[in-house]
Every structure is written in structure tokens, then in C-alpha cells.
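Undergrad: After the sequence you'll find the predicted model.
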Amino acid sequence: MDKVVVSVADDSLAHLPTVVAALRDAGMVVERVLDGLGLVTGSVAPGVGDLLGAVPGVAHVEVDREVRLPPEG
């Protein structure tokens, strides 16, 4: 599963529960809804993250990537 962060469009914040339900219908496993920030975090099957951008009310979808630095030495 890919971790994703979805930004909800400003004009859709009043309808956040509807946007979250549509994200679930599109295959997202919602972990957290950050109402005040208009962000929804969760996970999707590989390749599904791009489809979330077509959900009404979604402004941006970003795959949450883990960054690792090489060991010092």
C-alpha cells in the first residue's frame, strides 16, 4: 500500500465529509482527517493514488515518501 496525503480544495472544505466518503469509494483507506488543514491521510493500492485526483473536491494528491539518509561514517 502507498501512503498518500490528499489536499481538499478550499471551496470544498464545507463538504469535507462528502469528499472523504468519495475518497473511500475510490479505494482509499482513510487514516486521519485533519479538518482544520483540509488534509486527509491514508493509504491506497499501488497505482490508485493518481485516480484520487479525479475525486470532486480534491485539490492535490501526494504520495507520502520516506526519506532515508545514508549512515554516517
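TA: It's in. Numbering: from 1, shown residues only.
Undergrad: Which other helices and strands does the host helix or strand of residue 20 contact?
TA: According to DSSP states H and E, residue 20 maps onto helix 16-25. The contact analysis (3 or more C-beta pairs under 8 Å, 6 or more residues apart in numbering; DSSP states H and E) places helix 16-25 against strand 2-8, strand 29-34, strand 39-44. All C-beta spots, glycine's among them, are computed from the backbone N, C-alpha and C.
Undergrad: and the second one, which residues are buried?
TA: The neighbour-count criterion (16 or more other C-beta atoms under 10 Å) identifies residue 33 as the buried residues of strand 29-34.
Undergrad: Kindly report the same for the first one.
TA: Neighbour-count burial for strand 2-8, counted by 16+ other C-beta under 10 Å, picks out 3, 4, 5, 6, 8.
Undergrad: Tell me how far the third one lies from residue 60.
TA: Residue 5 sits 9 Å away from residue 60, taking C-beta to C-beta, to the nearest Å as the criterion.
Undergrad: Name the residues contacting each of these two.
TA: Shared contacts of residue 5 and residue 60, defined by C-beta atoms under 8 Å, 6 or more residues apart in numbering, are absent.
Undergrad: Show residues contacting stretch 54-72.
TA: Contacts of stretch 54-72 with the rest of the structure, by C-beta under 8 Å, 6+ apart, involve 2-10, 12, 15, 18-19, 22-23, 26, 41, 49-50, 52-53.
Undergrad: do that again at 6 Å, thanks
TA: By C-beta atoms under 6 Å, 6 or more residues apart in numbering, the residues outside stretch 54-72 that reach it are 2-9, 12, 19, 22-23, 26, 49, 52-53.
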